[in-house]
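Chemist: just need the structure, nothing else, for what follows:
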Amino acid sequence: MQSEIVWYRSILVDRGTSVRMQLLLSKTGGAAAGGLLLGPDAVAAAREARTEAGPRGMRRLWSLVALSLVVLLSVPFLLVDVPPVLDYPNHLARLFVLAHPEDPVLSQMYGPNWRILPNLGMDVIGAALLRVTDVHVGGRLLLALALFAPLIGVVAYHRAVFGRFSLWPLAAAVIAYNGIFLLGFMNFQLSLGLALLGAAGWVVLRRRANVLVLAGFGALAATATFLCHILGLVFFAVLVGAAETDRLWRLRRSPDCMRELVGAAGALAFAMIPSLVFYALGPLSEPGARPGPWLWQQKLWWIFTPFMTTSTGLTLVTACAVLALLVLIRRQLELAPGLPLALAVLMLGFVAAPAKAINGVYIDLRLALMMGLLLFAALRPRLSARQGVYAGLLLGALTLLRCLDIGAGWIDHRRDLAELRAALTQVEPGKRVLVANGELDGIGDADKRERTLPGVHRIDTHLAALLVIERRAFWPLLFANPAMQPVIVRPPFDRLAEALGEPVEWRWLEHPDSSPGADIPTYLQRWRSDFDAVLVIGPPLKQQPVAGLLPLSRGSYVQLYRIERSSDSEMTSDDGNVRPGARRTGSNS
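Modeler: The predicted structure follows:
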């Protein structure tokens with residue numbers, strides 16, 4: 001009682017609160033003494049005023065912090081028109097094709113192939129957006145959506161589970177620029193946001209709605225997530241399944257336990273049915289795709305995917321700081337229902353997952369990011385004011401440092417883009433361009449830090465997609481897998497395409513058999529007659545020049561060569577069919 005009275009006196013200092021308190025006091029009918037009410041009604045009134053005044057200040061602080069983080073995370077997108085994100089240029093080229101199906105040159109090489117696929121989210125949004133915006137403005141808006149979607153999901157899930165806004169989920173900004181984002185998995189990033197939003201809606205409706213409404217909402221949320229990425233659907237199922245398991249465990253001694261079990265199982269089954277039907281009818285269910293290797297040693301590094309940047313040191317500093325903070329405040333952490341089970345399932349999946357499965361790559365890295373997001377979405381620290389300030393300063397400084405590091409790398413990337421575009425001016429629309437790596441392969445470290453994600457992959461190997469966007473040229477590595485993207489490569493160019501391939505190695509041009517066991521594409525067998533030019537991306541070449549290649553542009557990062565042909569007869573294959581590009585169109589003549 002005494003503590004309530006002391007607090008009551010303190011809040012009268014605020015004029016607005018004093019007015020509200022006077023109104024509350026007038027309703028209690030209690031006795032007044034020195035402006036204070038002594039009695040249970042007065043205490044209840046004081047508590048009501050405290051809950052009314054406190055959240056207002058928290059909402060203002062929350063809004064200010066959220067706005068500041070949005071601005072900070074958005075700054076790198078203003079520094080370069082094609083950010084150095086591995087798959088982004090390739091995705092952008094596909095979206096450009098979908099947005100301009102009537103293009104007189106590109107329409108002879110590629111075409112739309114709309115169908116139900118678990119990778120349609122960004123394609124549907126991007127195809128519409130790029131019809132009304134500049135390709136590089138619209139592309140960065142889509143990339144920003146991929147960055148912010150998981151953060152929005154984290155905030156929504158935390159709010160739904162704990163019932164109030166908190167600053168802690170905003171701290172997820174420290175892992176906004178993570179390994180998966182820098183690999184350019186845009187549809188997957190969007191699906192993570194939708195999975196968290198769907199799970200948040202499930203939690204809210206579980207408290208307020210009946211089972212039928214819950215099942216209907218679950219079906220809509222699961223289907224939307226599935227159409228962005230199948231692993232996003234897995235994340236949604238893990239979140240909802242873990243929460244329902246936790247609830248049923250708490251009700252295990254209740255007489256209504258069996259009824260609740262049947263209702264939960266029915267709602268979950270109904271929610272998953274549409275996605276399972278789409279999967280069964282879609283191309284992903286077709287046999288033949290072999291899983292990739294289990295890379296056990298790499299997993300020790302890949303577990304840091306949520307904290308990963310192009311800087312190994314900054315990755316480790318961020319991971320150690322966040323995990324150390326969680327250890328220090330472990331006794332003050334409130335866990336979302338089902339969080340231990342969800343983390344256990346995701347960790348088991350991370351350990352057991354191969355590097356590739358069902359046409360998807362880096363399965364384990366994606367599961368690691370899910371676990372990282374749950375550290376902010378499904379935990380609620382109860383910190384004192386001083387502890388909150390210290391934690392906020394630490395995480396805020398790390399977020400600022402990571403954004404500065406990303407921004408510096410993206411500024412340096414502008415020199416690479418300028419050199420690439422200078423070389424591409426030599427390529428005419430309709431030409432067929434073979435792309436090769438320089439000295440280094442696609443997985444080894446590049447000569448500049450901003451060109452690689454350490455221990456994972458180079459992040460500049462898809463820059464050649466600008467051939468499609470800016471020169472309307474044919475590029476064999478466009479993401480046009482019928483099982484994953486709504487784009488096809490038209491005949492006769494289809495036999496030169498490899499939708500999931502990597503650029504070939506320079507040494508393979510002269511001696512394809514020099515690397516036994518390497519995944520050498522079939523289109524390399526007749527590359528001299530099937531292609532018009534060779535674009536090399538990488539550091540300066542030390543190898544001897546390949547016969548039959550005339551240099552058109554030789555920079556420190558990009559080289560372009562024209563392929564010499566002995567006669568026009570090389571434009572015809574052995575079976576008499578015209579090779580791709582033999583019939584010139586537009587300015588190609």
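
Chemist: contacting residues for residue 295?
Modeler: 355, 364 (Cβ atoms under 8 Å, 6 or more residues apart in numbering). Bear in mind the C-beta positions are built from the backbone N, C-alpha and C, glycine included.

Chemist: quick check, pLDDT for it.
Modeler: In this model, residue 295 is scored at 81, pLDDT.

Chemist: residue 563 now?
Modeler: Value for residue 563, per-residue pLDDT: 94.

Chemist: before we move on, what about the one 10 residues further on?
Modeler: Per-residue pLDDT puts residue 573 at 41.

Chemist: could you point out the longest helix in the protein?
Modeler: helix 385-424 (DSSP state H).

Chemist: pull out the buried residues from that helix.
Modeler: 391-392, 394-396, 398-399, 401-403, 405-410, 412-413, 416-417, 419-420, 423-424 (16 or more other Cβ atoms under 10 Å).

Chemist: just how off-centre is that helix within its chain?
Modeler: 17 Å (Cα atoms, centre = their mean, to the nearest Å).

Chemist: where does this protein dip in pLDDT?
Modeler: 1-55, 284-290, 358-359, 439-449, 512-518, 540-544, 566-589 (pLDDT under 70).

Chemist: middle-most residue in it, spatially?
Modeler: residue 189 (2.6 Å; Cα atoms, centre = their mean).

Chemist: how about that residue: what's its closest non-neighbour residue?
Modeler: residue 146 (4.0 Å; Cβ to Cβ, 6 or more residues apart in numbering).

Chemist: that older thread, which SSE is the residue nearest to the centre of the chain in?
Modeler: Using DSSP states H and E, residue 189 sits within helix 186-208.

Chemist: ok, and for that helix, which residues are buried?
Modeler: 186-206.

Chemist: so which residues of the stretch 251-400 of the chain form helices?
Modeler: In the stretch 251-400 of the chain, the segments counted as helices under DSSP state H, counting those that start in this stretch are 257-281, 296-302, 312-328, 339-352, 363-377, 385-424.

Chemist: going by neighbour count, list what's buried in the shortest one.
Modeler: It stands for helix 296-302. Buried residues in helix 296-302, counted by 16+ other Cβ under 10 Å: 299, 301-302.

Chemist: out of those residues, who's nearest residue 312?
Modeler: Distance ranking of the buried residues of helix 296-302 against residue 312, using Cβ to Cβ, places residue 301 first at 9.1 Å.

Chemist: quick one, what contacts the nearest residue to that closest one once chain neighbours are set aside?
Modeler: Distance criterion Cβ to Cβ, 6+ apart; nearest residue to residue 301, sequence neighbours excluded, is residue 455 at 4.7 Å. Contacts for residue 455 (Cβ under 8 Å, 6+ apart) come out as 298, 301-302, 312.

Chemist: what do you get for residue 349?
Modeler: Neighbour list for residue 349: 364, 367 [criterion: Cβ under 8 Å, 6+ apart].

Chemist: any idea how far it is from residue 370?
Modeler: Residue 349 sits 9 Å away from residue 370, going by Cβ to Cβ, to the nearest Å.

Chemist: on that earlier part again, helix 363-377 and the longest helix of the chain, what's the angle between them?
Modeler: Per axes from the mean of the first three to the mean of the last three Cα atoms, to 10 degrees, the angle that helix 385-424 makes with helix 363-377 is 140 degrees.

Chemist: which helices and strands sit right next to helix 385-424?
Modeler: For helix 385-424, the packing partners by 3 or more Cβ pairs under 8 Å, 6 or more residues apart in numbering; DSSP states H and E come out as helix 40-74, helix 312-328, helix 466-471, strand 533-537, strand 549-554, strand 558-563.

Chemist: can you tell me what sits against whichever helix or strand comes after that helix?
Modeler: Moving toward the C-terminus from helix 385-424, the next helix or strand (DSSP H and E) is strand 433-437. Outside strand 433-437, the residues within contact range by Cβ under 8 Å, 6+ apart are 427, 461, 464, 467, 473-477, 502-506, 508-509, 523-524, 527, 531-538.

Chemist: please list all residues in contact with residue 466.
Modeler: Here residue 466 is in contact with 82, 89, 93, 420-421, 424 (Cβ under 8 Å, 6+ apart).

Chemist: run the last query once more with 7 Å
Modeler: 89, 420, 424 (Cβ atoms under 7 Å, 6 or more residues apart in numbering).

Chemist: quick one on the thing from earlier: switch the contacts of residue 455 over to CSV; also include distance to residue 210.
Modeler: Shown next, in CSV, are the contacts of residue 455 (distance: Cβ to Cβ, whole Å):
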residue, distance to residue 210
298, 47
301, 47
302, 43
312, 52
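
Chemist: closest to residue 111 out of those residues?
Modeler: Ranked by distance to residue 111 (Cβ to Cβ), the contacts of residue 455 are led by residue 302 at 36.8 Å.

Chemist: quick one, what contacts the residue nearest to that closest one when sequence neighbours are not counted?
Modeler: Counting by Cβ to Cβ, 6+ apart, residue 365 is the residue found nearest to residue 302 once chain neighbours are left out, at 5.2 Å. Listed by Cβ under 7 Å, 6+ apart, the contact partners of residue 365 are 179-180, 302, 305.
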